[in-house]
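Q: A structural model of the following input is requested.
(one chain, ligands or ions: 1)
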Amino acid sequence: DPKYEAIEQLRWDQRGYGSTALFTPCDTFIGGTQTGRSNSADWVRAAYHDAATYNAEDGTGGLDASIRFEEEQQRAENVGTGFANTFFFVNLIANRYVTYADGLAAAATIMIENCGGPVIDYRGGRVDATEPNKPGVPEPQQSLEEHVASFKKQGFNKTEMIGLVACGHSFGGVQHSSFPDLVPELNDPANTESNARFDTTFRVFDNAVATEYIKGTTQNPLVVGSNDTLNSDKRIFGSDGNATMAALAADPEHFARTCATLIAKMLDTVPRGVRLTDVITPIPVKPYDVQISYNANGTLNFIGGNVRLWNVAENPNRVVRGVVTDKNGVALKPVVLSHSSFQIGTAAGERFTSTWYTWPTLPAMDAAASIAKFHYEIDEGDGTPVRVADQDGLGFPMRDDVLFSETSCNYDSTGFPRPWRFDVAVRKGLNASRIFLQTYSLPTLTLEPMLREVGSGSYDLWSADVLPENDGIWTVSYQIEGMTIDVPGKHRIMLIDCPA
Ligand code: HEM
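A: As a prediction, this is how the structure comes out:
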């Protein structure tokens, strides 16, 4: 299931958000150092402000990426540039399988985990809003009664409200430019945007926001600000006689568990009718970037890509073999994969490891025998039985009906980016009603048969032009007997010129 795989990659390998080293320490702000701002706090605040428009009565609003619309960002309740900054990153990862809303929820999850917070149950399947939601984000000048009512509308009771605000205000702070009445210029060269922090451990997602509040040492500008009207955290934290905050302060584990539950609930606050997936768990042995492609001479290439072993100890004696089974049911000679430094991201704040092995380049395959499936054999080299990773005997099935063709190329070398002719090879006799290219935000491109015979005769080539303005990551799909089948692999305009 390419959608499940893409979301699993995003969530566990942070594919697209890259290495967490980029955002470490957690007060890093990409695009400006020493500003006092941080990407991690921006992303978490953005997720909350998107979710907070939920209306439990009519089921509208919620986490649907409506905050990406300029109109929402211009509202007083969404002051600051943090939302545009967040979407600079979320826009990079949204694709056919990952919506902006899933990307935003993953961004918040990843940041909390990487900044020392708990592992959060992450689900996929959020649907993007096509227009702004109604307003509904709480603001500091509102009364406690208004906040209780606002959180009730968002689906949270009073205790949950206290907990969620404490969790959110565990890192980051209030910025002078957004709230000049609350925060003065700090005149600090290491904090040029004057971001007054909620607690002393503003780089870390921990319970210091609660311990400092209970001890009476807090500098939280929404608790000890000189303008009491704006002290919303003070009113909220104290609204049950400090019972919730005292419990959060007393036990860091309780804080972590509470935040894991409340943040997951916040991220799962979606418009009525949207069905989320189960919690996305890591796949233990996961193939990556596997595809078959078609060569101009009619042979096929099986590109095994990489395989990820989830959370296993490094073992220099381990041998990982890949076994291809052809369409006649014949298992080919196993090939040894090489241990690789290929790494996409570090999962959940480096609590887990992923160990990668890479397939060697295999000889081109005969188009008729082709490949039906493949599997792995994992030999730890210590006398324990070899582990066969074949999905309970099914193997990892491959389809060879429709393939990306290596004949795809640029046909005009003058412009940049250059117009690309996207070719796919279609097995003769396949009765596909439609073959098409998709990307997330651009119109679908339908392929047409090419009027020439290519290769061995097993396949026909179909083509479409991808114009420079439609640069993006494209996937190939086809429809057959009412079903849509997505071909593995993603393709972007390349710089290979078409043969003259
Ligand atoms: C009554 C509810 C809330 C009020 C009135 C409130 C108010 C504020 C204010 C005024 C700021 C400063 C923003 C800026 O300077 O640009 C802020 C920052 C922040 N809020 Fe809240 N907030 C509330 C609830 C929440 C919740 C529930 C979360 C997440 C679970 C959250 C997460 C954050 C984060 C991470 C920041 C730091 C942003 C940064 O440093 O760039 N807030 N909040």
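
Q: residue contacts, the residue of the stretch 251-400 of the chain found nearest the ligand?
A: The stretch 251-400 of the chain approaches the ligand most closely through residue 266 (5.9 Å), counting by Cβ to the nearest ligand atom. Every residue, glycine included, has its C-beta placed from N, CA and C. Neighbour list for residue 266: 47, 48, 51, 63, 164 [criterion: Cβ atoms under 8 Å, 6 or more residues apart in numbering].

Q: Over to residue 378?
A: Contacts for residue 378 (Cβ under 8 Å, 6+ apart) come out as 285, 309, 318, 319, 320, 321, 386, 387, 388, 389.

Q: in a strand, that's where it is, yeah?
A: Yes. Per DSSP: H, G, I helix; E, B strand; the rest coil, residue 378 lies within a strand segment.

Q: Number the residues from 7 up from this point.
A: Will do, 7 is the new start, and the previous item becomes residue 384.

Q: before we move on, which element is the residue of the stretch 257-406 of the chain closest to the ligand in?
A: helix 258-273 (DSSP states H and E).

Q: next SSE after that helix?
A: Counting by DSSP H and E, the next helix or strand C-terminal to helix 258-273 is strand 291-294.

Q: Could you list the low-pLDDT ranges of the stretch 7-156 of the chain?
A: Applying pLDDT under 70 to the stretch 7-156 of the chain picks out residues 21-28.

Q: same deal with the chain?
A: 21-28, 348-355, 421-423, 446, 457-462.

Q: What ranges does it have for its helices?
A: 8-14, 45-57, 76-79, 88-99, 106-120, 150-160, 164-174, 214-221, 238-243, 249-256, 258-273 (DSSP state H).

Q: so, in contact with the ligand or not, the fourth one?
A: Put plainly, it is helix 88-99. Yes. Contact between helix 88-99 and the ligand, assessed by Cβ under 6 Å from any ligand atom, occurs at residue 88.

Q: and the angle for that helix with helix 106-120?
A: Angle of helix 88-99 versus helix 106-120, following axes from the mean of the first three to the mean of the last three Cα atoms, to 10 degrees, is 100 degrees.

Q: what residues does helix 88-99 touch?
A: 16, 21-23, 37, 43, 45, 47-49, 51-52, 55, 71, 73-74, 78-79, 106, 109-110, 112-113.

Q: list the contacts for the residue in the stretch 207-356 of the chain that the ligand sits nearest to?
A: Using Cβ to the nearest ligand atom, the closest approach of the stretch 207-356 of the chain to the ligand is made by residue 238 at 4.2 Å. Listed by Cβ under 8 Å, 6+ apart, the contact set of residue 238 reads 144, 145, 146, 147, 148, 153, 228.

Q: Serialize those to JSON lines and add fields for neighbour count and distance to residue 345.
A: What follows is those, written out as JSON lines (neighbours: other Cβ atoms under 10 Å; distance: Cβ to Cβ, whole Å):
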{"residue": "144", "neighbour count": "21", "distance to residue 345": "51"}
{"residue": "145", "neighbour count": "16", "distance to residue 345": "53"}
{"residue": "146", "neighbour count": "19", "distance to residue 345": "53"}
{"residue": "147", "neighbour count": "14", "distance to residue 345": "58"}
{"residue": "148", "neighbour count": "16", "distance to residue 345": "56"}
{"residue": "153", "neighbour count": "21", "distance to residue 345": "54"}
{"residue": "228", "neighbour count": "23", "distance to residue 345": "50"}
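
Q: among the contacts of residue 272, which two are most distant?
A: Using Cβ to Cβ, the pair of those lying farthest apart is 69 and 170, separated by 13.6 Å.

Q: out of these two, which sits in the more crowded spot?
A: Under the criterion of other Cβ atoms under 10 Å, the comparison of residue 69 against residue 170 puts residue 69 first, with 29 against 24.

Q: Identify the residues contacting the more buried one.
A: Contacts of residue 69 by Cβ under 8 Å, 6+ apart are 53, 56-57, 60, 107, 110-111, 132, 272-276.

Q: mind listing what's buried in the helix holding residue 272?
A: Within helix 258-273, the residues that qualify as buried are 261, 262, 264, 265, 266, 267, 268, 269, 270, 271, 272, 273, counting by 16 or more other Cβ atoms under 10 Å.

Q: quick one on the thing from earlier: within reach of the ligand, which of the contacts of residue 238 are there?
A: 144, 145, 146, 153.

Q: As a markdown table, these with distance to residue 484 would be great.
A: Below are these laid out as a markdown table (distance: Cβ to Cβ, whole Å):
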| residue | distance to residue 484 |
| --- | --- |
| 144 | 48 |
| 145 | 50 |
| 146 | 54 |
| 153 | 52 |
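
Q: Out of these, which comes closest to residue 406?
A: residue 144 (54.9 Å).

Q: Name the nearest residue to the closest one, sequence neighbours excluded.
A: Setting aside the residues directly before and after it, residue 144 is nearest to residue 156 in space (Cβ to Cβ, 6 or more residues apart in numbering), at 4.7 Å.

Q: my guess is that neighbour meets residue 142, correct?
A: Yes. Using Cβ atoms under 8 Å, residue 156 and residue 142 qualify as a contacting pair, with a distance of 6.9 Å.

Q: joint contacts of those two?
A: Counting by Cβ under 8 Å, 6+ apart, the contacts common to residue 156 and residue 142 are residue 58.

Q: Who does residue 471 form a beta bridge with?
A: Taking DSSP bridges as the rule, residue 471 bridges to residue 427.

Q: show me what contacts it?
A: Neighbours of residue 471 in contact, by Cβ under 8 Å, 6+ apart: 425, 426, 427, 428.

Q: got it, and residue 47?
A: Residue 47 makes contact with 88, 177, 178, 179, 208, according to Cβ under 8 Å, 6+ apart.

Q: residues near the last one, how many?
A: When counting by other Cβ under 10 Å, one arrives at 25 neighbours for residue 208.

Q: unless I'm mixing things up, it is touching residue 177, no?
A: Yes. Using Cβ under 8 Å, residue 208 makes contact with residue 177 at a distance of 5.2 Å.

Q: Now do the shared contacts for the two.
A: Shared contacts of residue 208 and residue 177 (Cβ under 8 Å, 6+ apart): 33, 44, 47.

Q: Just give me the closest of the residues you listed to the ligand.
A: The nearest member of those to the ligand, counting by Cβ to the nearest ligand atom, is residue 47 at 3.5 Å.

Q: Up against the ligand, what does the stretch 207-356 of the chain have?
A: 238, 242, 272.

Q: Let's see that with 5 Å instead.
A: Residues of the stretch 207-356 of the chain lying close to the ligand by Cβ under 5 Å from any ligand atom are residue 238.

Q: can you list the domains in the chain?
A: Following automatic domain parsing, one finds the domains of the chain at 8-273, 291-403, 408-497.

Q: what's the most buried one of the ones you listed?
A: Among the domains of the chain, domain 8-273 has the highest mean neighbour count (mean count of other Cβ atoms under 10 Å), at a mean of 20.

Q: any idea how far residue 300 lies from residue 174?
A: Residue 300 sits 51 Å away from residue 174, going by Cβ to Cβ, to the nearest Å.

Q: Dump the C-alpha coordinates for stretch 238-248 into CSV.
A: This file holds the C-alpha atoms of stretch 238-248, laid out as CSV (Å, rounded to 0.1, in the frame of the first residue of the first chain):
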residue,chain,number,x,y,z
SER,A,238,-4.0,33.3,30.3
ASP,A,239,-1.7,30.5,31.5
LYS,A,240,-2.0,31.8,35.1
ARG,A,241,-5.8,31.6,34.9
ILE,A,242,-5.9,28.2,33.1
PHE,A,243,-3.2,26.5,35.3
GLY,A,244,-4.8,27.7,38.5
SER,A,245,-8.4,27.0,37.5
ASP,A,246,-8.6,23.7,39.5
GLY,A,247,-6.7,25.0,42.5
ASN,A,248,-3.4,23.8,40.8
